[in-house]
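> I'll drop the sequence and a predicted model, then ask my questions.
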Protein chains: 2
Amino acid sequence: MTQMEQAGRGRITEEMKYVAAVEGVDPEELRRRIAAGHAIIPRNIRHHFNPIGVGRGLSTKVNANIGTSGHHQQLHDEVEKLRVAVDSGAEMIMDLSTGDELDLVRREILRRCPVILGTVPIYQAVADRGSVYDMTADDLFGVIEKHARDGVDFVTVHCGVTREAVRRLDSDGRIAGIVSRGGSMLASWMARSGEENPLFTQYDRLLDIAREYDMTLSLGDGIRPGATGDATDAAQIQELLTLGELTGRARARSVQVMIEGPGHVPIHQIEANVQIEKRVCGGAPFYVLVPLTSDIGAGYDHITGAIGGAVAAAAGADVLCYLTPAEHLRLPTITDVRDGVIATKIAAHSGDLAKGVWGAKERDDQMSLYRKRLDWEGQYRLALDPEKAREIRRMSEDYDKAICTMCGTLCSMALENTRSRLGELLTAPEEEATHRHVRVGSAAYRRTGNA
Amino acid sequence: MTQMEQAGRGRITEEMKYVAAVEGVDPEELRRRIAAGHAIIPRNIRHHFNPIGVGRGLSTKVNANIGTSGHHQQLHDEVEKLRVAVDSGAEMIMDLSTGDELDLVRREILRRCPVILGTVPIYQAVADRGSVYDMTADDLFGVIEKHARDGVDFVTVHCGVTREAVRRLDSDGRIAGIVSRGGSMLASWMARSGEENPLFTQYDRLLDIAREYDMTLSLGDGIRPGATGDATDAAQIQELLTLGELTGRARARSVQVMIEGPGHVPIHQIEANVQIEKRVCGGAPFYVLVPLTSDIGAGYDHITGAIGGAVAAAAGADVLCYLTPAEHLRLPTITDVRDGVIATKIAAHSGDLAKGVWGAKERDDQMSLYRKRLDWEGQYRLALDPEKAREIRRMSEDYDKAICTMCGTLCSMALENTRSRLGELLTAPEEEATHRHVRVGSAAYRRTGNA
């Protein structure tokens, strides 16, 4: 039975108890959300790791994409990227490999992956045949089933790339057309074959596989905008409407579902994108491919993505897919992966502060107290990347002093602490905040590190 | 006569014409905005450079702080930071030096500065005496007058740090107290002397100096929150109310004014902060010290700040003060300055897309077209940091090929272009976007580089 089915029968599973404890939420409340499809626990019955929850009332999660390409394939690089991504706080990994020996790569990554692992099966279906045009529907479902058997926790399936959506896209006159690899493969296949998308026409076949392994379906947005000028157009919304319908059909079979979202979206349209997904897909978890709020940040897209990701998370998005500085330019290096995860963790945490997620405010308040007290070790401990913070400060001339080179003796914290000793400042609030922190305990911090 | 006074008399100055041309706005509309105090042209009559406008209807500007500290003082480092900041696109520089020979440092920077230059005179007033407690009101006004005579374009004056605001702050029970250096100096001075803030009590003296040199007053937020947990509290708003009043008094004398804003603010409170500033200060330009949307990003505060800055700009903020990766840890290096400016330019541009600023969307759309056409040179040209984008791609195995290592032959752009040749995709929209771009011309791009 899937987590959703058990939740629907009123059963609070061990997985739900664990997630509830880590997230600081009520287990019964979590069960209700899972039963309703507003929260999910994406974990294949064949993949063993501490369960991680995604969705309403839970902290915002970060996904890191790794994987070989035909132009760069070194398994050990990808394994190292996995390690770095998880160490930096990613709760979800996607193996997007498109090089050779895909089964081997996936199984090696899966074996070492202590967090949620996702794939995009169509890449392998196309790679196996050597050309998208030679792929058959059976090829595609065969690969999906293989991934499910291997223990993949979720698969991205672009079920909403229908002939109608592609027709609308072409008549919309987009700038960048389709930028999703899976989406463009399906659109090309459909254009050549004249047939409808098999992931749409044979959706029940997909549900059968997913149900058997409690593999979550990540309904992909193959028609997502790949340019801010294309955001929120009719084709994108058309696809979303289809995904909303398919969400309902998955729920009827107790298959866990999340919805993938854009892409490139200017700031003022992000909240609307989240609202419409939540409405049309009945509150299903929203996994955004961190909306880039501009197209001209090449070389810094982890930053442009962090802007959009934070705004999306604050508006209710549940998972942010990271971007690295290499996005749009080349496959990321190991350093890029680290930079991408940390930038996206900042976005997710900024969203959590706005959402009022349990433990988020307490951590920030405690950090601010350490800052006021010029307690550098305390600050490093609570920073998202302790080593980096320490390394930067270590470069300064007064590393061993309480103050820093930025203000030297004109430190506002030092001045304020002196003024406070003049008897004008109350100390009670500090004590109170510290107390709150202690009560919250370490679980809130654990979440942000290794799963 | 100040720009504001001339605008009030119906005169469109050469400065206004220049700014209107660069920004793509109507000169008469700009004149009206300057007369109303909704836009400003901060330029001391003694500082010669191509004028830059700030405020309603104009693109969002980026400020970079440079300057020595008592713990690190190498003039050539600061001069190099100036060069790098301006090259990276900063339209405003603040010399926040607190080391030795402040007159020399300021004059050297001013002499080389081709953009708006600002200072915080209280730093020098305190440095000259060696202690904040020994500073007199005359010391402070003396330094302000010296900076004005030297040609400084704007000074930060913390006129709103009144006894009432500090009393409210202390009774609020803040986590981090006052984090503004100038603000904490004044609060300490007031606590010891028992007197009111001279910048508040002798505000007319300040207006006299500013008016003579058309030096803009940047009404500082000495009581800004320095922790997300302190954001939007009564003390902060109390200070803002005072600044609103002082804005009115400055306008009555035709002195140009902008208002400084927070600080550390969680995402969901940023828009409210912009709205209240615009309302209480009668639409005066808002210069935010890019709100950090979380406190735990130490080592990456240029990213956390880019998130808050973009949201603030989209909501109507007019200038974003950059943060560098070194913020809260040490004085920034030259590399930090570059990283900080670019991150903040991304935020400003993301805000401009949301604001609908002239030329912003055209640049993004053209970039997306180049991306679709796999035109790498075109992409580098429109990227905010062309060298960085080129450098990242140069590291990949297929630098000389059209496609990139990310997707290899499975490039969605390549697939889409093939599908398009199958005759299904209209090419008209591309032509149209190109045409728009050509019509807009190069001015839109010039703005983002050197002034």
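Okay, I see it. The structure presented is a predicted model; accordingly, all values stated were derived computationally and were not measured.
> rest of the way, CA atoms for contacts and neighbours
Fine.
> Quick check: buried residues in the strand or helix carrying A:Ala389?
Element membership for A:Ala389 (DSSP states H and E) is helix A:386-394. The neighbour-count check on helix A:386-394 (16 or more other CA atoms under 10 Å in any protein chain shown) flags A:Pro386, A:Lys388, A:Ala389, A:Arg390, A:Ile392, A:Arg393 as buried.
> Put together CSV for the residues you listed, with pLDDT on each row.
As requested, the buried residues of helix A:386-394 are arranged in CSV below (pLDDT from 0 to 100):
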residue, pLDDT
A:Pro386, 96
A:Lys388, 95
A:Ala389, 95
A:Arg390, 94
A:Ile392, 93
A:Arg393, 92
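> and chain B, which of these reach it?
A:Lys388, A:Ala389, A:Ile392, A:Arg393 (CA under 8 Å from any CA of the partner chain).
> my read: the first one touches B:Gly297, true?
No: counting by CA atoms under 8 Å, B:Gly297 is not a contact partner of A:Lys388; they are 10.1 Å apart.
> how much space between A:Val79 and chain B?
Counting by CA to the nearest CA, to the nearest Å, the gap from A:Val79 to chain B is 17 Å.
> Would stretch A:221-240 count as contacting chain B?
Yes: using CA under 8 Å from any CA, stretch A:221-240 reaches chain B at A:Gly226, A:Ala227, A:Thr228, A:Gly229.
> Skipping adjacent residues, who's closest to A:Ile41 in space?
Nearest in space to A:Ile41, with sequence neighbours left out and distances taken as CA to CA, 6 or more residues apart in numbering or on different chains, is A:Gly53 at 4.7 Å.
> which intervals of chain A have sub-threshold pLDDT?
Counting by pLDDT under 70, chain A has low-confidence residues at A:398, A:422-451.
> biggest helix in it, by residue count?
helix A:334-355 (DSSP state H).
> Next secondary structure after that helix?
Taking DSSP H and E, what comes next after helix A:334-355 is helix A:360-372.
> For that following helix, name the packing helices and strands.
On a contact count with 3 or more CA pairs under 8 Å, 6 or more residues apart in numbering or on different chains; DSSP states H and E, helix A:360-372 meets helix A:334-355, helix A:376-382, helix A:428-440, helix A:443-446.
> where along the stretch 51-200 of chain A do the strands fall?
For the stretch 51-200 of chain A, strands defined by DSSP state E, counting those that start in this stretch occupy the ranges A:54-55, A:61-66, A:92-95, A:116-119, A:154-157.
> Would you mind saying which of the ones you listed lies nearest chain B?
Ranking the strands of the stretch 51-200 of chain A by their distance to chain B (criterion: CA to the nearest CA) puts strand A:61-66 first, at 10.2 Å.
> Next up, identify which helix or strand A:Glu260 is on.
strand A:257-261.
> Tell me which residues touch the one residue in the stretch 101-250 of chain A that gets nearest to chain B, please.
Proximity of the stretch 101-250 of chain A to chain B (CA to the nearest CA) peaks at A:Arg181, 4.9 Å away. Taking CA atoms under 8 Å, 6 or more residues apart in numbering or on different chains, we find A:Arg181 in contact with A:Gly222, B:Leu410, B:Cys411, B:Ser412.
> out of the residues you listed, which one sits closest to B:Val311?
Distance to B:Val311 across the contacts of A:Arg181 (CA to CA) is lowest for A:Gly222, with 27.7 Å.
> ok, the closest residue to that closest one other than its chain neighbours - contacts?
Nearest non-adjacent residue to A:Gly222, counting by CA to CA, 6+ apart: A:Gly183, 3.8 Å away. Contacts for A:Gly183 (CA under 8 Å, 6+ apart) come out as A:His158, A:Val161, A:Asp221, A:Gly222, A:Ile223.
> Please look at the last one and A:Ile178 and confirm they touch.
Yes: with contact taken as CA under 8 Å, A:Ile223 and A:Ile178 are classed as touching, separated by 5.7 Å.
> can you pull out the helices in the stretch 1-150 of chain A?
A:3-8, A:14-23, A:27-36, A:75-87, A:102-112, A:121-129, A:137-150 (DSSP state H, counting those that start in this stretch).
> for the last one, the distance to its chain's centre please.
It stands for helix A:137-150. Offset of helix A:137-150 from its chain centre (CA atoms, centre = their mean, to the nearest Å): 24 Å.
> what's the neighbour count on the nearest residue to A:Thr324 once chain neighbours are set aside?
Leaving aside its sequence neighbours, A:Thr324 sits nearest to A:Gly340 (CA to CA, 6+ apart; 4.2 Å). Neighbourhood size, A:Gly340 [other CA atoms under 10 Å in any protein chain shown]: 32.
> One more: A:Arg9?
Going by other CA under 10 Å, the residues that sit close to A:Arg9 add up to 11.
> cool, and A:Leu246?
20.
> just to revisit the earlier point, return the closest of the contacts of A:Arg181 with respect to A:Val79.
Out of the contacts of A:Arg181, the member with the shortest distance to A:Val79 (by CA to CA) is B:Leu410, at 22.1 Å.
> what's the closest one in contact with, if anything?
A:Arg181.
> how about a cut-off of 10 Å?
B:Leu410 makes contacts with A:69-70, A:98, A:123, A:126-127, A:131-132, A:181-182, A:184-185, B:403-404, as judged by CA atoms under 10 Å, 6 or more residues apart in numbering or on different chains.
> Now for A:Ala402, how many residues are close by?
Neighbour tally, A:Ala402, other CA under 10 Å: 12.
> separation between it and B:Lys401?
Noted for A:Ala402: a distance of 52 Å to B:Lys401, by CA to CA, to the nearest Å.
> Check A:Glu28 too.
Counting by CA to CA, the gap from A:Glu28 to B:Lys401 is 55 Å.
> Also A:Val105?
26 Å.
> For the two, work out which one has more neighbours and name it.
A:Val105 (22 against 11).
> Touching, that one and A:Leu82? I think so.
No: in this structure A:Val105 lies outside contact range of A:Leu82 using CA atoms under 10 Å: 11.9 Å.
> ok, now which ones touch A:Leu323?
Contacts of A:Leu323 (CA under 10 Å, 6+ apart): A:63-65, A:289-292, A:300-306, A:309, A:332, A:336-337, A:339-341, A:343-344.
> Out of those residues, which end up buried?
A:63-65, A:289-292, A:300-306, A:309, A:332, A:336-337, A:339-341, A:343-344.
> what are the ranges of the helices in the stretch 151-300 of chain A?
Counting by DSSP H, counting those that start in this stretch, the helices of the stretch 151-300 of chain A are A:163-172, A:181-193, A:198-201, A:203-213, A:234-252, A:267-280.
> Let me know which of these is tucked in deepest.
helix A:181-193 (a mean of 22; mean count of other CA atoms under 10 Å in any protein chain shown).
> ok, the ones next to chain B among the buried residues of helix A:386-394 vs B:Ala317, which is closest?
Out of these, the member with the shortest distance to B:Ala317 (by CA to CA) is A:Ala389, at 29.2 Å.
> Please tell me how far the closest one sits from A:Pro291.
27 Å.
> which parts of stretch A:5-19 are buried?
Result for stretch A:5-19 [16+ other CA under 10 Å]: buried residues A:Glu5, A:Gln6, A:Ala7, A:Gly8, A:Arg11, A:Ile12, A:Glu15, A:Met16, A:Lys17, A:Tyr18, A:Val19.
> Any chance you could note which residues of the stretch 1-150 of chain A sit beside chain B?
Proximity of the stretch 1-150 of chain A to chain B (CA under 10 Å from any CA of the partner chain) is limited to residues A:67-73, A:96-99, A:123, A:126-127, A:131-132.
> and which of those residues is nearest to B:Arg279?
Nearest member of the residues of the stretch 1-150 of chain A next to chain B to B:Arg279, counting by CA to CA, is A:Leu96, at 49.4 Å.
> Please list all residues in contact with the residue of the stretch 351-451 of chain A found nearest chain B.
Residue nearest to chain B within the stretch 351-451 of chain A: A:Met406 (4.2 Å; CA to the nearest CA). Going by CA under 10 Å, 6+ apart, A:Met406 touches A:396, B:67-72, B:96-98, B:326-332.
> Look at it and give its secondary structure.
coil (DSSP: H, G, I helix; E, B strand; the rest coil).
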